[in-house]
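# here's a sequence, model it:
(2 chains)
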Amino acid sequence: MPLPMEDWESQTDEALLKAHLDGRDGAFRVLLERYRAELHRFLTMFMGSATAADDVFQDTWVQVHLSGGTFDQERTFKPWLFTVAANKARDHLRRRKRHAMTSIDAPMRGTDGQVALAETLSRNDDSPGDPMGSYDEAQLVKTVVDGLPVHLREILLLGYFHKMPYQQIAETLGIPLGTVKSRLHAAVAAFADAWKRTQSGQDAA
Amino acid sequence: MTQREPSLDPRDAHLVDQLVNAGWDPSKVTPASAQDVEALRALARIGTLLDQYPSPAPDQSLIDATLLSVERADAERTERMTITDAPIARSRWRMPDFISVAACLLLLIGVAVPMASQVRATSSRALCASGFRELGSAFTAYSTDSMGNLPMAAGLGSMLAAGPSGDLPTSMPADNAQAVRVLADKGYCRPGCLHCAGARQLSFRVPLHASHVRITTLVLSPLAADANPILLSPKAGIKSASPNHGGDGQNVLFSDGAVVWMPLPFITVGPERRLDNMWTLRGVSGTEGVDLKGVKFDQYEVFLGQ
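Below you'll find the predicted structure:
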């Protein structure tokens, strides 16, 4: 029996996708709205640009529409959606030939590549910045995150920003659980290291 | 050189794992030591920093644009499927298709077969002409060695073989073609020089009023030619060309060694109503023949009269 229009909001992602594939109007728009902010934020951070994220956002949903028939209704929609989005984002990045990354992932000096968080972000660094400086700090955060290698950035996005558990990240990216863990550790370490270096640079200036 | 990725201190890594399981809420993670407390503070600070990442929320227009993109992709897919399906729908073999293909095939055959035939005929004529030139050289060489005589049989009635004394066996050859064969036997030309590719046979001049054919007495006179139609088919031959090359004409070897392709048969009736059954161009000297009516010739006999 067809669902009335007013019931769309209460439907699960999977039910909305199925309704859309069955040719029911309105279901797809609700699904898009549901993930508009979250997916766009993910893509903005992945691509390092809100404009590029707009393009990939559209490509992602076009792909969801075209490949929806292959989606296993027994599975969860969200990891599949982010898998499609991550693949599209990687394709775009590849086309932009932005493989060359900064040397943020260089090992820490004298630590055999191992980072101790407490030493990296000191107590003093924990102090909130002044209101005028928050914009600069946000830009600095963007610079550091955008400078992370893609495979670390995507793990950080899914793990921290989307609060996905390890298992869901593994499903989304199609990589082993152990790799997810080690990459997230590396991503946290790379960010902390890079952040410390930006702070050192500012202090020196 | 590939640089190693940074890694966390094992205790910090363990804390990150706990934090992930706690949904990145540091308050839900219990530190085991003072060092863990510091690490958790650092992780909380990292979270605070990451939260500052500027990410403007997309407006409603992005949703509208996305839905339009989906519709467009759908239309393109439908169009592609229509194009893909079209040949399948027409793949049934229908009568008009059959007729078209049959007509094309017939047209092709109608053009290709005559062309192939024409090429084959031209090639055959050229090969025969080449053989005739070699034969002409052989005649010349033979006559030089034989006091100007040629090896043809002489005398229509006697069927006597010609040739220098002692060159031919005392038992005379049965026909002129056999007499001429001495050219190949004596090495004046290749063994195959008396045969023409694609031709039934050759004809040679026969001196009707002399015991020998002497090359020095011949002026622009035929020595040999393709098969004589009048000898192969007396009824039709009088009006037809040599059958060797599809009735298109015949190669003629003249006494000066020239080989000429003569497309038109020529029969003349001289003042004495003698018939020339040699198919030559009008005006070639020495082509007046004798009346062959009622005379039975072996088809290998020479056809030219003098």
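# report the central residue of chain A.
By C-alpha atoms, centre = their mean, the mean C-alpha position of chain A lies nearest to A:Leu157, the distance being 3.2 Å.
# three-state assignment of that one?
Using DSSP: H, G, I helix; E, B strand; the rest coil, the structure places A:Leu157 in helix.
# correct me, but it touches A:Met47?
No. Counting by C-beta atoms under 8 Å, A:Leu157 stays clear of A:Met47, with 10.6 Å between them. All C-beta atoms are positioned from the backbone trio N, CA, C, and that covers glycine.
# all strands for chain B, in order.
For chain B, the strands defined by DSSP state E cover B:7-8, B:149-150, B:202-204, B:213-214, B:222-226, B:250-254, B:259-262.
# looking at those strands, which is buried most?
Of all the strands of chain B, strand B:202-204 has the most neighbours on average by mean count of other C-beta atoms under 10 Å in any protein chain shown, namely a mean of 28.
# packing partners for it?
Identification of packing neighbours for strand B:202-204 by 3 or more C-beta pairs under 8 Å, 6 or more residues apart in numbering or on different chains; DSSP states H and E yields helix B:176-180, strand B:222-226.
# what strands line up against that strand, and which way round?
If you go by DSSP bridges, strand B:202-204 pairs up with strand B:222-226 (antiparallel).
# so the partner strand versus strand B:250-254, what angle?
If you take axes from the mean of the first three to the mean of the last three C-alpha atoms, to 10 degrees, strand B:222-226 sits at 160 degrees to strand B:250-254.
# what are the C-alpha coordinates of strand B:222-226, in CSV please?
The C-alpha trace of strand B:222-226 is given here as CSV (Å, rounded to 0.1, in the frame of the first residue of the first chain):
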residue,chain,number,x,y,z
PRO,B,222,52.1,-14.1,-90.5
LEU,B,223,54.0,-17.1,-89.2
ALA,B,224,51.8,-18.2,-86.4
ALA,B,225,48.6,-17.3,-84.7
ASP,B,226,46.1,-18.5,-82.1
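# ends of stretch B:243-253, what's the gap?
17 Å (C-alpha to C-alpha, to the nearest Å).
# quick one, longest helix in the chain?
I'll assume chain A. Longest helix of chain A, by residue count under DSSP state H: helix A:177-204.
# not quite, go with chain B.
If you go by DSSP H, chain B has its longest helix at helix B:95-145.
# elements contacting it?
Right, helix B:95-145 is packed against strand B:149-150, helix B:182-185, strand B:222-226, strand B:250-254, strand B:259-262 by 3+ C-beta pairs under 8 Å, 6+ apart.
# now the fourth one: average pLDDT?
I take that to be strand B:250-254. Throughout strand B:250-254, pLDDT has a mean value of 80.
# residues in contact with A:Glu154?
A:Phe46, A:Ala86, A:Ala89, A:Leu173 (C-beta atoms under 8 Å, 6 or more residues apart in numbering or on different chains).
# near chain B, which of those show up?
Applying C-beta under 8 Å from any C-beta of the partner chain, the subset of the contacts of A:Glu154 adjacent to chain B is empty.
# closest to A:Ser200 out of those?
When those are ranked by distance to A:Ser200 (C-beta to C-beta), A:Phe46 comes first, at 27.3 Å.
# tell me where the model's unsure across chain A.
Within chain A, the segments meeting pLDDT under 70 span A:1-6, A:97-116, A:118-135, A:201-205.
# re the thing from before, ranking the strands of chain B by mean pLDDT, which is last?
strand B:213-214 (a mean of 58).
# can stretch A:161-169 be said to contact chain B?
Yes. Interface with chain B: stretch A:161-169 contributes A:Phe161, A:Lys163, A:Pro165, A:Tyr166 (C-beta under 8 Å from any C-beta).
# only whichever of those residues are buried, select them in ChimeraX.
Per 16 or more other C-beta atoms under 10 Å in any protein chain shown, the buried members of the residues of stretch A:161-169 next to chain B correspond to this ChimeraX selection:
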select /A:161,166
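# using CSV, lay out the residues of stretch A:161-169 next to chain B together with secondary structure.
CSV is the format used below for these (three-state DSSP):
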residue, secondary structure
A:Phe161, helix
A:Lys163, coil
A:Pro165, coil
A:Tyr166, helix
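# between the residues of stretch A:161-169 next to chain B, which is closest to A:Ala187?
Set against A:Ala187, the nearest of the residues of stretch A:161-169 next to chain B by C-beta to C-beta is A:Phe161 (11.6 Å).
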